[in-house]
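*Asks:* Return atomic coordinates for the entry below.
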Amino acid sequence: MSLWSLENNNMKYTPPQTNVPKLPVISMILGFVLIITAFFLSGDAQTALIVIGLIMAAAIPAVYAFREKKQTDTEHDTRKEMAIRYTDGEADMNFPWQVPNARVVVTTVIGIVLLTVSVFLYDNTAKDQTIITSLVLAVAGCAVMTLSRALANSFNGVIMWGTFAVSAVFISATAANAELFEGHVAVTAAFAIISALVLLLYPLWFTIMKKMVCKEEVDAECVDIQTIFGRKNYRPRYRAIWKYEYNGTTYIHRDMTSYKSPVYNERRIIGISPRYPHNIYTGKLPVYTFFISAAGIFILLFLLSFLMPLI
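*Replies:* Now for the predicted structure:
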């Protein structure tokens, strides 16, 4: 049995709905809690909690995501061969996954290195200047990752990493104002609150930016539903395959993963970007948007607890 299947016009009913897998969700939440808790400690205990928190908040969900991606990309047909399934001729498709170009790879590696160095400096020093340097490196790392996602034409990735970069800027301003310039507590608290709100309101920023960019409306049809099965063929996930036309070109677009099945043969008006028609907006949010909002809450609580003794 294949790990995933394309129903290819055979689905006549909506499959039963399933719950979101609990392991990566619980792991991510507990990881954030451990990381925030670590900032109240010092020494080996702090290092251990940060490492465990990063593993739980990032590594375990990443393994889960890569495993799902591997299942999704089991199909070895070329884009041209798959396009024939849905059209009589050529079509512009955003799947199967292809190896990114050199610029995407280089910028991604640079961004990861900058973020890694930032974490290392922050975790291994108590000097104010070095802490500020680590935060500045974090800003640079997020900015480079934003560029990487732009080069890969991943607008959702641009929004996410751009949000991280903006939040990191205000966190750096918070630390600099409190530690180096000994600024007024109210100003420091304002920076802290803004940095957290940037993350907390991520679903709002995502919706606004997608609507601003995906302003061209087209009629799209759900021509297929990709079903991705988990272990022992339970907890399936679904991805709608949308077909639409723009400026004389037919596009076949595989949408974001959803735990609620799309409706086969559904027709709806979707928003697309005139610059890159595979950047679409169907009105739904990625699941990770709510994790980013949760991170904003944790950061806000931590920064305010740090500032309370100064008030």
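
*Asks:* For the stretch 1-150 of the chain, give me the ranges with low pLDDT.
*Replies:* Segments of the stretch 1-150 of the chain classed as low confidence (criterion: pLDDT under 70) are 1-22, 39-40, 65-84, 88-89, 96-97, 123, 125-128.

*Asks:* Check which helices and strands the helix or strand hosting residue 32 is in contact with.
*Replies:* Take DSSP states H and E as the rule and residue 32 turns out to sit in helix 22-38. Contacts defined by 3 or more CB pairs under 8 Å, 6 or more residues apart in numbering; DSSP states H and E place helix 22-38 against helix 43-54, helix 60-72, helix 288-307. Placement of C-beta: from N, CA and C, glycine included.

*Asks:* Distance from the first one to the middle of the chain?
*Replies:* Offset of helix 43-54 from its chain centre (CA atoms, centre = their mean, to the nearest Å): 24 Å.

*Asks:* And the longest one, by the same measure?
*Replies:* Centre-to-centre, helix 288-307 and its host chain are 17 Å apart (CA atoms, centre = their mean).

*Asks:* can I get the helices and strands packed on helix 22-38 in JSON lines with mean neighbour count?
*Replies:* Compiled in JSON lines, the helices and strands packed on helix 22-38 are given as follows (neighbours: other CB atoms under 10 Å):
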{"stretch": "helix 43-54", "mean neighbour count": "14"}
{"stretch": "helix 60-72", "mean neighbour count": "14"}
{"stretch": "helix 288-307", "mean neighbour count": "18"}
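
*Asks:* Who are the packing partners of the lengthiest strand in the chain?
*Replies:* In the chain, assigned by DSSP state E, the strand with the most residues is strand 216-228. Here strand 216-228 touches strand 4-6, helix 60-72, helix 79-86, strand 237-246, strand 249-254, strand 267-272, going by 3+ CB pairs under 8 Å, 6+ apart.

*Asks:* Can you list the neighbours in contact with the fifth one?
*Replies:* Spelled out, that is strand 249-254. Contacts to strand 249-254, defined as CB atoms under 8 Å, 6 or more residues apart in numbering, come from residues 82-83, 86-87, 89-95, 220, 223, 226, 239-245, 272, 277-278, 280.

*Asks:* Partner strands of it, with direction?
*Replies:* The strands that strand 249-254 pairs with in its sheet are strand 92-93 (parallel), strand 237-246 (antiparallel) (by DSSP bridges).

*Asks:* Any idea how far that strand is from the middle of the chain?
*Replies:* In terms of CA atoms, centre = their mean, the centre of strand 249-254 is set 23 Å apart from its chain centre.

*Asks:* Just the buried residues of it, please?
*Replies:* Buried residues in strand 249-254, counting neighbours by 16 or more other CB atoms under 10 Å, are found at 250, 251, 252, 253, 254.

*Asks:* Now the second one: closest residue in space, sequence neighbours ignored.
*Replies:* Ranked by CB to CB, 6 or more residues apart in numbering and with sequence neighbours excluded, the top spatial neighbour of residue 251 is residue 92, at 5.0 Å.

*Asks:* And the helices in the stretch 101-250 of the chain?
*Replies:* Assignment of helices within the stretch 101-250 of the chain using DSSP state H, counting those that start in this stretch yields the ranges 102-123, 128-151, 155-175, 185-200, 202-213.

*Asks:* just checking, what packs against the first one?
*Replies:* In terms of contacts (3+ CB pairs under 8 Å, 6+ apart), helix 102-123 is packed against helix 43-54, helix 128-151.

*Asks:* Among the buried residues of strand 249-254, which one sits closest to residue 155?
*Replies:* Within those, distances to residue 155 taken as CB to CB reach their minimum at residue 253, with 12.8 Å.

*Asks:* The closest one and residue 194: what is the separation?
*Replies:* Taking CB to CB, to the nearest Å as the measure, residue 253 falls 35 Å from residue 194.

*Asks:* rewinding a little: partner strands of the longest strand of the chain and their direction?
*Replies:* Sheet pairing of strand 216-228 (DSSP bridges) gives strand 4-6 (antiparallel), strand 237-246 (antiparallel), strand 267-272 (antiparallel).

*Asks:* for that strand, what is the average pLDDT?
*Replies:* Model confidence over strand 216-228, given as mean pLDDT, is 88.
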